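**Q** I would like to see how this sequence folds:
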Amino acid sequence: MKMTVSQAMVECLKAENIKVVFGYPGAAICPFYDALLDAENDIKQVLVRQEANGGHAANGYARISGKPAVCIATSGPGATNLITAIATAYADSIPIICITGQVNTDQIGSDVFQEADITGSAEPFVKHSYLLKDPNDLARVFKEAFYIAGTGRPGPVLIDVPMDVQKAVIDFEYPEKCEIRSYKPTTKGNYLQIKRVLSSLEEAEKPLICIGGGVFASNAQQEITKLAEIMQIPVITTMMGISVFASNDPLFCGMLGTHGVKMANAAVNECDVLFLVGARVGDRAVKTPLALEKTTKILHIDIDPAEIGKNIATDYPLVGDAKLVLEQMIELAKPMRHDEWIAHIKELGGERKYIQPPKGTVNPRVFIDRLAEKMPDDVTVVADVGQNQIWTCTEYKFRKGGRLLTSGGMGTMGYSVPAAIGAKMADESRPTIAICGDGSFQMSFMELATAVQFGVDIKVVVMTNTRLGMVRELQTIGYHDRQTAVFLDGSPDFIKLAEAYGIPALRVSDDESMEKGIEMLANHKGICLVEVVVDKDMPTL
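**A** Sure thing, here's the model as predicted:
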């Protein structure tokens with residue numbers, strides 16, 4: 001069928017069942033936007049207020065929908081603004097398709113207006129990228145892009161399309177299959193390695209499972225839960241693995257790491273076999289991998305062989321898709337009992353103690369704990385980066401069906417509000433809350449306009465301590481309390497700001513207002529904002 005490349009790009013999105021795109025137009029991407037207008041009944045266009053936020057919104061959408069999501073930007077500054085979102089998705093293995101406009105092909109390399117080498121600039125942060133110079137390659141490129149983004153270890157794929165190519169006329173037919181000779185990700189696990197891993201778990205006196213974000217990437221939540229229950233093995237998570245297990249599950253022992261809970265870190269130090277599932281075990285998860293290697297047998301499932309042994313030596317590597325490998329393991333697993341080991345771990349946690357906050361402020365950990373009690377089971381909580389992230393990860397008690405989203409690998413401030421918009425649009429039945437600090441909120445609060453314009457019912461919590469709290473704490477502890485460039489004086493009144501967007505808002509500064517704020521977040525129909533006043537010196541843990 002004859003059509004322009006721009007029209008064919010729209011047809012590619014339809015063929016991939018894309019219902020929503022997040023973007024910001026400009027001259028170099030106008031032909032594509034013009035074609036999208038004719039498909040408005042099939043594909044919803046969401047205009048974000050800054051290009052990176054379009055990438056973050058696609059990130060949230062992909063994580064809840066479980067399939068690649070799409071963001072769009074124009075050439076030059078539009079495309080370069082998107083790089084942070086691309087890097088964020090890459091670090092957490094999130095499948096997004098980034099479509100950028102480019103100057104005409106005969107102008108590439110001439111430093112013309114709004115030209116930037118985006119494929120070169122984004123190269124370290126993409127799973128693959130395309131500069132589409134031949135219009136006839138369009139269908140193949142889109143099919144490959146979606147295939148690469150969503151298979152193997154998921155990640156972002158960039159498609160850069162010059163303006164003259166978008167206007168070219170082609171004979172379009174979308175391929176049914178995608179075969180890339182050099183790209184054959186391993187999915188099923190090696191049978192002998194599976195037997196070795198299971199034997200190690202069966203022989204262990206103190207086995208421990210550590211879950212990472214790869215469990216979500218492969219949709220293996222049910223499989224890892226079933227295996228842990230059959231073999232009665234306690235479970236900890238990295239930050240990216242939080243909410244795979246319900247917080248009240250008898251096998252769950254919390255998040256490990258620098259900002260993790262005492263129980264999880266103690267369990268890692270005492271276990272004799274550690275089974276890593278879709279976790280890269282970065283520096284914030286295990287500070288002293290060499291010491292752990294000497295005392296513990298390490299087993300590791302990951303679909304990316306480059307991740308196995310990268311941060312911690314592995315005794316038995318198992319390359320494959322976590323869902324498929326765990327299914328193979330479940331077929332062979334023997335029922336086990338580890339009651340004494342689990343009881344011992346539970347004793348290691350100790351009692352959680354909360355600091356009494358100064359008058360006019362509330363303890364943010366208490367607020368999050370009480371919020372979790374009131375919210376429905378199937379809530380999506382999107383934590384930003386900073387102290388608010390750690391308070392959310394350690395205090396929010398997820399029940400079965402709940403989901404935590406956050407920027408774990410890149411640690412991108414400003415992630416939560418746009419990602420919450422994307423997550424809510426992916427599944428409107430799930431209540432969705434963005435939890436920010438006053439620093440991270442001010443990096444993306446313009447997206448409140450996006451939520452209002454498109455009727456996206458997100459709840460927003462802003463933890464206000466007038467500081468870049470985690471950096472302030474770092475300066476206090478590590479730099480003799482020489483605090484600099486961390487003061488957020490001059491910030492707007494967030495209640496008035498919300499009202500300027502037509503959003504109901506409430507400030508929490510004591511127990512009475514805390515109950516009202518939580519009630520608003522739990523029961524208000526439509527978008528709302530709750531500001532939580534926190535002491536400027538409140539510690540992270």
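
**Q** residue ranges with poor pLDDT in the stretch 251-400 of the chain?
**A** Of all residues in the stretch 251-400 of the chain, those with pLDDT under 70 make up the ranges 282-294.

**Q** Can you show me the strands along it?
**A** Ranges of strands within the stretch 251-400 of the chain are 252-255, 273-277, 297-302, 316-319, 380-383, based on DSSP state E, counting those that start in this stretch.

**Q** swap in the stretch 1-150 of the chain?
**A** Under DSSP E, counting those that start in this stretch, the stretch 1-150 of the chain gives strands at 2-4, 20-23, 44-47, 69-73, 96-102, 128-131.

**Q** what's the average pLDDT for the longest one?
**A** Looking back up the chat, that one is strand 96-102. Summarised as a single mean, pLDDT over strand 96-102 is 98.

**Q** for stretch 193-204, same thing?
**A** Computed over stretch 193-204, the average pLDDT equals 96.

**Q** Extract the C-alpha set from that stretch and format it as PDB.
**A** What follows is stretch 193-204, C-alpha atoms only, in PDB (Å, rounded to 0.1, in the frame of the first residue of the first chain):
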ATOM      1  CA  GLN A 193      23.100 -26.000  35.500                       C
ATOM      2  CA  ILE A 194      19.500 -26.100  36.800                       C
ATOM      3  CA  LYS A 195      20.200 -29.400  38.500                       C
ATOM      4  CA  ARG A 196      23.300 -28.000  40.100                       C
ATOM      5  CA  VAL A 197      21.500 -24.900  41.300                       C
ATOM      6  CA  LEU A 198      18.700 -27.000  42.800                       C
ATOM      7  CA  SER A 199      21.200 -29.300  44.500                       C
ATOM      8  CA  SER A 200      22.900 -26.400  46.100                       C
ATOM      9  CA  LEU A 201      19.600 -25.000  47.400                       C
ATOM     10  CA  GLU A 202      18.600 -28.500  48.700                       C
ATOM     11  CA  GLU A 203      22.000 -29.000  50.500                       C
ATOM     12  CA  ALA A 204      22.000 -25.500  52.000                       C
END
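
**Q** Show me which residues of it are buried.
**A** Gln193, Ile194, Arg196, Val197, Leu198, Ser200, Leu201, Ala204 (16 or more other CB atoms under 10 Å). (Glycine included, C-beta is placed from N, CA and C.)

**Q** Now distance to Met425 and secondary structure too, for those residues, in CSV please.
**A** CSV is the format used below for those (distance: CB to CB, whole Å; DSSP: H, G, I helix; E, B strand; the rest coil):
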residue, distance to Met425, secondary structure
Gln193, 40, helix
Ile194, 39, helix
Arg196, 44, helix
Val197, 39, helix
Leu198, 41, helix
Ser200, 43, helix
Leu201, 40, helix
Ala204, 44, coil
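
**Q** Same list, the residues you listed, but as a markdown table with distance to Glu327 please.
**A** What follows is the buried residues of stretch 193-204, written out as a markdown table (distance: CB to CB, whole Å):
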| residue | distance to Glu327 |
| --- | --- |
| Gln193 | 15 |
| Ile194 | 10 |
| Arg196 | 17 |
| Val197 | 14 |
| Leu198 | 13 |
| Ser200 | 19 |
| Leu201 | 16 |
| Ala204 | 22 |
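
**Q** quick check, nearest of the residues you listed to Ile518?
**A** Taking CB to CB as the measure, Leu201 is the one of these closest to Ile518, at 41.4 Å.

**Q** Now do the closest one against Ala333, distance only.
**A** Distance, Leu201 to Ala333, by CB to CB, to the nearest Å: 8 Å.

**Q** just checking, what's the longest helix in the protein?
**A** helix 51-65 (DSSP state H).

**Q** what inclination does that helix have with respect to strand 69-73?
**A** Taking axes from the mean of the first three to the mean of the last three CA atoms, to 10 degrees, one finds helix 51-65 and strand 69-73 inclined to each other by 170 degrees.

**Q** buried set for helix 51-65?
**A** Result for helix 51-65 [16+ other CB under 10 Å]: buried residues 51-65.

**Q** Could you name every residue contacting both of Leu201 and Ala333?
**A** Met231 (CB atoms under 8 Å, 6 or more residues apart in numbering).

**Q** Burial check on Val46, number of neighbours?
**A** 24 (other CB atoms under 10 Å).

**Q** so Val456 touches Ile527, yeah?
**A** Yes: using CB atoms under 8 Å, Val456 is in contact with Ile527, at 7.0 Å.

**Q** what touches both of these two?
**A** Between them, Val456 and Ile527 share no contacting residue, judged by CB under 8 Å, 6+ apart.

**Q** contacting residues for Val471?
**A** Contacts of Val471 (CB under 8 Å, 6+ apart): Ala485, Val486.

**Q** Minimum distance to Ser429: which of the strands of the stretch 1-150 of the chain has it?
**A** Short answer: strand 20-23, nearest of those by CB to CB, at 15.5 Å.

**Q** Quick one: distance of that closest one to the chain centre.
**A** Distance of strand 20-23 from the chain centroid (CA atoms, centre = their mean, to the nearest Å) equals 18 Å.
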